[in-house]
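Novice: Okay, sequence plus prediction incoming.
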Amino acid sequence: MSQESLSKQANLSLAKVLSPKRNTSVATSIEDLSNEQLQHFGIDPNSDYGHALASLTQHLYHAQVDVQQLWKVTSATLAGLSKQDKVAYFNAKKFLSFQIAKILDTLQNPFRATYQSMTKQTGSQVSKSHYPLFDNITALFSATPVVVRTATYVYACTEWVDDAFQGKESTHQIYSRLLNPTNISLANAIVDLEAGPYSADYLAWNFNSGMAAIDALLSNVLGHGDIVIVSRNVYGGVYQLLHDYFARENRLNVQLEWFDGYSAAEFAPFLAKTRAKYKQQLAEGKALHVYLESPCNPHGYVLDVAAICQLSHEHGHLVMLDATLATPILHQPLQRADKAERPDYVVHSYTKDICGSGATTAGVVIGESYRMFQGKGDCVNGYDWSKTMFWDVYYIKGAFLDSEKAFDVLTGMKTLEMRIMQKVINTTVFSNFLASHPDLNVNCHAVAGHANEALRNSQMRHGWPCALFTVDMQGADITRDTFVRFFDGLEPAFSHQVSIGQSNTIILCPALTSHSELDKTAQEQGGIYLTTMRVAMGTDNVKELIAHFINTARLHIDPVYPGFSAKFMAADDIDSLYMQTCRRVSEQHFSSSGPIKAMLA
């Protein structure tokens, strides 16, 4: 076969994607495709309508081939383009989108007129609604993602619907429980933010809460009798899910091994010991997985994620990472150049900082594309389509994220970076203020000399701290009654709420709330006591928070333990600490964008 014949055959294959008979067409040319389309819908090709429709469909089939060629050229040349060419190429494609939308909009009036001529708005049919297929074309030009509120969608034709249900028609949603345009916008946005230059290799599925996302991930990954190494300081709900559900003998009988360390030096022997302990089970085909939370709840400690991933992957073990507290601003584990250092899955609870409003519960799982979705019957990297998260869990369980929540999260993401920068300032100032008191034990890696400081510097962007940490009064030896009165008096400056990651600063006792699922022994193993206070820093005025903290101590602690509040650093020192921290963090942030010369290169 000649090169020209091969090219025509390839172009025909590309064009067939637009055919209503895409899977059964016998056409040998684009003209044949057009004729098939007219015949499929019962259109007389010799009529005026038939002539106009045939001409239009042939143009569309040729356009499909041209767009594919445009994408091929773009993929081949993008890396080598100058900044000027990228600007030109982008705007040219943008205008093409407007042109295509304009054609659709032009089609709207004759489409509606034909539909109206078919219906009678009389009698019992007076409430019959209009046909809204093209009503929302102008929404394509919305500056923010459109909130799509629908349960289902209009089908194109039988063969396209068949492909949609087989997972082979990505542009055709079949049911909002599975896919929704607003939801997809959010999934694309979080992948871009999290994976950066490797975004093309990853996909995300959004869920209606962080716990729903974690449950979906564990349900997808874990098999009966598998072994899971879990970092000790995980969110209480995750502990409960693993310990009280997946580990139950009448459920999946998963074997849990709790890792108390943070560094690679601590993880390596623990992994070896665990592998030796379950040598027989591993030989019998059981899998060993690693589940990490970094920074972890409630202390905000950072784990050496990159090194732990590398050690795990040397033995073929999957690594799951809950990176909620880091957000993609503080930590980008999927952007490591060495793929072995990246976790296989990253989980976020959107409910926290990424959304930031405290008004929405949502979650996401991000993973390599072939693990997240494949069309039915496909097998990529030896991974069968039936094992992908979409078909194995998402398609079945229905814990999808609705469009309104997706929109809330997308809106919150716009201010994420600036909010995180302010929280870094507040966390640094407030934790070091607390650490100045000799009777308080501050578990925060923002404090110089803290055991987790080195990992924070090596893992986190700019070495910035997590906005969550704990402080306990075990060293002060105050009575339970005094502590409770002091804690209750921290309102209204400190909000007594369960969630974290909002604009207001939240303080609670994890032993009674977020980690109440753990028994006393497990709590103490996690460094949680009755006087432990978990502080989730907000964006509010940290100096006002400090003043309120001191005044509350003066009111409730000083009368019982004279001089307690006087042990904090002096007021002038607090002002100095605040200004120094603001300057340093701001300079780190604003200088990281790179020089203008690089942007013009």
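Specialist: Arrived safely, thanks for sending.

Novice: From now on I want contacts and neighbour counts done on CA atoms only, so please keep to that.
Specialist: Will do.

Novice: what's near enough to touch residue 426?
Specialist: Applying C-alpha atoms under 8 Å, 6 or more residues apart in numbering to residue 426 gives the contacts 537-539, 541-542.

Novice: Now it: which helix or strand?
Specialist: helix 416-435 (DSSP states H and E).

Novice: Remind me what the very next helix or strand once past that helix packs against, helices and strands.
Specialist: Using DSSP H and E, the helix or strand that follows helix 416-435 in sequence is strand 441-443. Using 3 or more C-alpha pairs under 8 Å, 6 or more residues apart in numbering; DSSP states H and E, the elements in contact with strand 441-443 are helix 416-435, strand 468-472.

Novice: how about those, which one is nearest residue 219?
Specialist: Among these, strand 468-472 comes nearest to residue 219, with 28.2 Å by C-alpha to C-alpha.

Novice: Restricted to helices, list the contacts of residue 426.
Specialist: residue 542 (DSSP state H).

Novice: The contacts of residue 426 into CSV, with extra columns for pLDDT?
Specialist: CSV is the format used below for those (pLDDT from 0 to 100):
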residue, pLDDT
537, 97
538, 97
539, 97
541, 97
542, 98
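
Novice: Buried members of the contacts of residue 426 into PyMOL, please.
Specialist: Here is the PyMOL command that selects the buried residues among the contacts of residue 426 (16 or more other C-alpha atoms under 10 Å):
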select buried, resi 537+538+539+542
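
Novice: Extract the residue ranges of the stretch 451-600 of the chain that are flagged as low pLDDT.
Specialist: For the stretch 451-600 of the chain, the stretches flagged by pLDDT under 70 are 513-515, 517.

Novice: That one: strands as residue ranges?
Specialist: Here the stretch 451-600 of the chain has its strands, by DSSP state E, counting those that start in this stretch, at 468-472, 506-508, 533-536.

Novice: Could you tell me which residues within the second one count as buried?
Specialist: Within strand 506-508, the residues that count as buried by 16+ other C-alpha under 10 Å are 506-508.

Novice: again with the last one
Specialist: Using 16+ other C-alpha under 10 Å as the burial criterion, the residues of strand 533-536 that qualify are 533-536.

Novice: In terms of secondary structure, what does it contact?
Specialist: Judged by 3+ C-alpha pairs under 8 Å, 6+ apart, strand 533-536 is in contact with strand 468-472, strand 506-508.

Novice: Format those strands as TSV; extra columns: distance to residue 419.
Specialist: Below are the helices and strands packed on strand 533-536 laid out as TSV (distance: least, C-alpha to C-alpha, whole Å):
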stretch	distance to residue 419
strand 468-472	14
strand 506-508	15
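
Novice: So which of those strands is nearest residue 487?
Specialist: Comparing the helices and strands packed on strand 533-536 under C-alpha to C-alpha, the one sitting nearest is strand 506-508, at 8.5 Å.

Novice: Output the contacting helices and strands for the closest one.
Specialist: Looks like strand 506-508 contacts strand 533-536 (3+ C-alpha pairs under 8 Å, 6+ apart).

Novice: which residues touch the strand it packs on?
Specialist: Contacts of strand 533-536 (C-alpha under 8 Å, 6+ apart): 298-299, 467-472, 500-501, 505-510.

Novice: List just the nearest of the residues you listed to residue 374.
Specialist: Residue 374 lies nearest to residue 501 out of these, by C-alpha to C-alpha, at 34.0 Å.

Novice: Go ahead and confirm that closest one touches residue 352.
Specialist: Yes. The criterion here is C-alpha atoms under 8 Å, and residue 501 meets it with residue 352 at 4.2 Å.

Novice: Give me the common contacts of the two.
Specialist: Common neighbours of residue 501 and residue 352 (C-alpha under 8 Å, 6+ apart) are 325, 358.

Novice: Looking at those two, which is more packed in?
Specialist: More neighbours surround residue 501 than the other of residue 501 and residue 352, with 28 against 25 (other C-alpha atoms under 10 Å).
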